[in-house]
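Undergrad: this one's sequence-less:
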């Protein structure tokens with residue numbers, strides 16, 4: 001992991017009093033990671049971060065920055081986001097990757113690899129004419145499987161831009177101009193002809 005990814009829903013607003021005044025409050029954004037969380041294990045065991053040290057964090061769909069590590073009883077970790085370190089990521093190209101549904105274990109391995117590339121913002125899985133229909137039912141095409149794998153790849157690639165996924169493997173979804181049009185992947189050229197805009 002080159003970046004500790006945080007979901008917006010994980011961020012908690014916290015307040016504390018300053019040492020100089022018990023009535024003056026400071027507001028913090030914190031994230032609590034349990035001892036079983038892979039991010040906590042990575043911070044503690046791989047990065048060897050001690051309490052008071054900082055790690056690089058990224059908010060999914062948002063900014064990057066730093067957070068102060070605080071080890072908790074029971075092995076959990078509290079991250080205090082440093083608001084003054086947050087910055088927006090620069091604009092980058094947006095690439096849509098279209099894949100004919102591969103062998104189930106191969107797509108499972110590909111999710112984090114593809115998602116590590118910051119320019120890839122959309123992955124479309126389609127049923128090719130030669131695709132094995134048995135592959136269409138694999139659980140590796142379900143959000144409950146690929147979401148965590150995509151986030152793993154995002155952390156490895158140090159990116160916060162989200163990856164949109166479209167899985168089109170029903171009987172009516174064989175790759176065609178009609179399917180590409182439904183996915184918004186057709187474009188018109190200056191001569192008003194319709195092209196798929198795909199780099200092959």
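TA: Everything's here; your move. Only a predicted model underlies this, so the values are computations on that prediction, with no experimental measurement involved.

Undergrad: Quick check: chain neighbours aside, which residue is closest to the most centrally placed residue in the chain?
TA: Nearest to the geometric centre of the chain sits residue 151, at 3.7 Å (CA atoms, centre = their mean). Closest residue to residue 151 apart from its sequence neighbours, by CB to CB, 6 or more residues apart in numbering: residue 5 at 5.7 Å. The C-beta positions use only the backbone N, C-alpha and C, and glycine is treated the same way.

Undergrad: The one you found pairs with what?
TA: Beta bridges link residue 5 to residue 58 when assigned by DSSP bridges.

Undergrad: for it, what are its contacts?
TA: 39, 57-60, 151, 154-155, 160 (CB atoms under 8 Å, 6 or more residues apart in numbering).

Undergrad: and with 6 Å instead?
TA: Contacts of residue 5 were listed using CB atoms under 6 Å, 6 or more residues apart in numbering, and they are 58, 60, 151, 154-155.

Undergrad: from the residues you listed, which ones fall inside strands?
TA: Counting by DSSP state E, these place residue 58 in strands.

Undergrad: hang on, residue 98 in a strand?
TA: Yes: per DSSP: H, G, I helix; E, B strand; the rest coil, residue 98 lies within a strand segment.

Undergrad: Tell me the secondary structure at the residue nearest to it when sequence neighbours are not counted.
TA: Leaving aside its chain neighbours, residue 98 sits nearest to residue 124 (4.6 Å; criterion: CB to CB, 6+ apart). Following three-state DSSP, residue 124 is assigned to strand.

Undergrad: was I right about residue 124 contacting residue 99?
TA: No: the criterion here is CB atoms under 6 Å, and residue 124 misses it with residue 99 at 7.1 Å.

Undergrad: burial count for the closest residue to residue 138 other than its chain neighbours?
TA: Leaving aside its sequence neighbours, residue 138 sits nearest to residue 104 (CB to CB, 6+ apart; 3.8 Å). As a burial measure, residue 104 scores 17 neighbours (other CB atoms under 10 Å).
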